[in-house]
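Asks: What shape does this take:
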Amino acid sequence: METALPQTTQLPAIQAGQQVTVRVPATSANLGPGYDSLGLALTLHDTLTVESLDSGELIFELSGEGADSLPRDASHLVVRAMNAAFGRLGYRHNGLKIIAANVAPHGRGLGSSASAVVAAVTAANALLPAAEQQDREWILQLTSEMEGHPDNVAPAIFGGLALSWQDSDQYSSTCATVDAAVIPIVAVPDYELSTEAARALLPASVGHHAAAMNSGRAALLIHALTNNPAFLLPGTEDFLHQSYRAEAMLPSAGLIQGLRSAGHAAVVSGAGPTVLVLANGEAEAAAVLEFIGTFTAESTPGINWRVMKLAVDVEGAKVGVHRR
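Replies: The predicted structure follows:
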């Protein structure tokens, strides 16, 4: 699809004839008690290819998830994020050809909007002259501003387990290496839940006891993920958000309860409704897959589930650049 792109001529234009490809992982945020602070990169990747043109047009090709519903014009999140990045960087463009191949499900709590924003800002940055390109910390700041929090964008940028925080209007993140025994499994239902709707169910405040309990479990979870996966089940117990959101995703809540009762570390992925299980080794992963298959067949009639055994993505956003 081709549309015109009105551009200011007051800024220098990026060089036409460049092509950038960015591969970005899906992410799972919160991981139970790490509300708005913990995120994990997963081996499920979207790919964005951008070519700079000199025609003043936008050509947008979209395949995969969202191909039947997302716009292919300047209102698309990728285009808006790229334009914002160019403006922040002090540049403009004279046209773009964008090819988006989406793999991560949308509206399911796997960071699809964060992945799109990270891919767009990373691509825009890579199209600048090398001497003027910014580092990944700059990308973290801008994408966190766009998303409103860093828990999904940080693992999409850096890979691995991201621990993120905010000081006033400054966003920061550091990464930890996940124990090789940890195997992420996602069960993605065929219904959506918006992040805004999920957040609207949360109370304005929680009690001191719940906050203290949650901070202890979040600390234990980091230890479990990085050093001792035997503690994954107690480490993923949440006291801040999942119980309040359960009514909006009853099939997912039922699956999580069933998995945890069977001894598996199951949580809501992000705002849901995807269920994330952090298995300790191949034997537990096989047991989890069998449990999910049996439980969903018997207890969630009418809901179709896409179940995937994944791994932790350790690379984050990867960039390939071709200049003529």
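Asks: and E298, what element?
Replies: helix 282-299 (DSSP states H and E).
Asks: How about T174?
Replies: strand 170-176.
Asks: strand partners of the following helix or strand past that strand, parallel vs antiparallel please.
Replies: Toward the C-terminus, strand 170-176 is succeeded by strand 182-189 as the next helix or strand (DSSP H and E). Here strand 182-189 has these sheet partners by DSSP bridges: strand 275-280 (antiparallel), strand 305-309 (antiparallel).
Asks: Can you lay out the ones you listed as CSV showing mean neighbour count and mean pLDDT?
Replies: C-betas here are computed from N, CA, C, even on glycine. Shown next, in CSV, are the strands paired with strand 182-189 (neighbours: other CB atoms under 10 Å; pLDDT from 0 to 100):
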stretch, mean neighbour count, mean pLDDT
strand 275-280, 26, 98
strand 305-309, 16, 98
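Asks: wait, which of the ones you listed is closest to A154?
Replies: Nearest to A154, of all the strands paired with strand 182-189, is strand 275-280, at 16.8 Å by CB to CB.
Asks: Now do the contacts for the most centrally placed residue in the chain.
Replies: Nearest to the geometric centre of the chain sits G111, at 2.5 Å (CA atoms, centre = their mean). By CB atoms under 8 Å, 6 or more residues apart in numbering, G111 lies in contact with A26, T27, S28, A29, G39, A104, N152, P155, A156, G270.
Asks: My guess is the fifth one contacts A162. True?
Replies: Yes. With the criterion set as CB atoms under 8 Å, G39 and A162 qualify as a contacting pair; they are 4.7 Å apart.
Asks: list the residues that contact both of these two?
Replies: Taking CB under 8 Å, 6+ apart as the criterion, G39 and A162 both touch P150, D151, A154, P155.
Asks: Now the buried members of these.
Replies: The neighbour-count test (16 or more other CB atoms under 10 Å) marks P150, D151, A154, P155 as buried among the shared contacts of G39 and A162.
Asks: Restricted to helices, list these.
Replies: A154, P155 (DSSP state H).
Asks: With pLDDT and distance to A100 as new columns, can the buried ones among the shared contacts of G39 and A162 be given to me in CSV?
Replies: Shown next, in CSV, are the buried ones among the shared contacts of G39 and A162 (pLDDT from 0 to 100; distance: CB to CB, whole Å):
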residue, pLDDT, distance to A100
P150, 95, 23
D151, 95, 23
A154, 98, 22
P155, 98, 20
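Asks: Can I get the buried ones among the shared contacts of G39 and A162 in TSV including distance to V178?
Replies: Below are the buried ones among the shared contacts of G39 and A162 laid out as TSV (distance: CB to CB, whole Å):
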residue	distance to V178
P150	18
D151	16
A154	14
P155	11
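Asks: which of the buried ones among the shared contacts of G39 and A162 lies closest to A200?
Replies: Taking CB to CB as the measure, A200 lies nearest D151 of the buried ones among the shared contacts of G39 and A162, at 18.0 Å.
Asks: ok, for that closest one, nearest residue in space, not its chain neighbours?
Replies: Nearest residue to D151, sequence neighbours excluded (CB to CB, 6 or more residues apart in numbering): A29, at 4.1 Å.
Asks: ok and whichever helix or strand that neighbour is part of relative to strand 275-280, angle-wise?
Replies: Applying DSSP H and E as the criterion places A29 in strand 18-30. In terms of direction (axes from the mean of the first three to the mean of the last three CA atoms, to 10 degrees), strand 18-30 departs from strand 275-280 by 80 degrees.
Asks: mind listing what's buried in the helix or strand following strand 18-30?
Replies: Sequence-wise, the next helix or strand downstream of strand 18-30 (DSSP H and E) is strand 34-52. Under the neighbour-count criterion of 16+ other CB under 10 Å, strand 34-52 has 34-42, 44-52 buried.
Asks: So which elements touch strand 34-52?
Replies: strand 18-30, strand 96-102, helix 112-126, helix 153-158, strand 161-167, strand 182-189, helix 208-226 (3 or more CB pairs under 8 Å, 6 or more residues apart in numbering; DSSP states H and E).
Asks: Could you provide the ones you listed in a markdown table, with additional columns for distance to Q257?
Replies: Shown next, in a markdown table, are the helices and strands packed on strand 34-52 (distance: least, CB to CB, whole Å):
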| stretch | distance to Q257 |
| --- | --- |
| strand 18-30 | 17 |
| strand 96-102 | 31 |
| helix 112-126 | 26 |
| helix 153-158 | 26 |
| strand 161-167 | 25 |
| strand 182-189 | 13 |
| helix 208-226 | 17 |
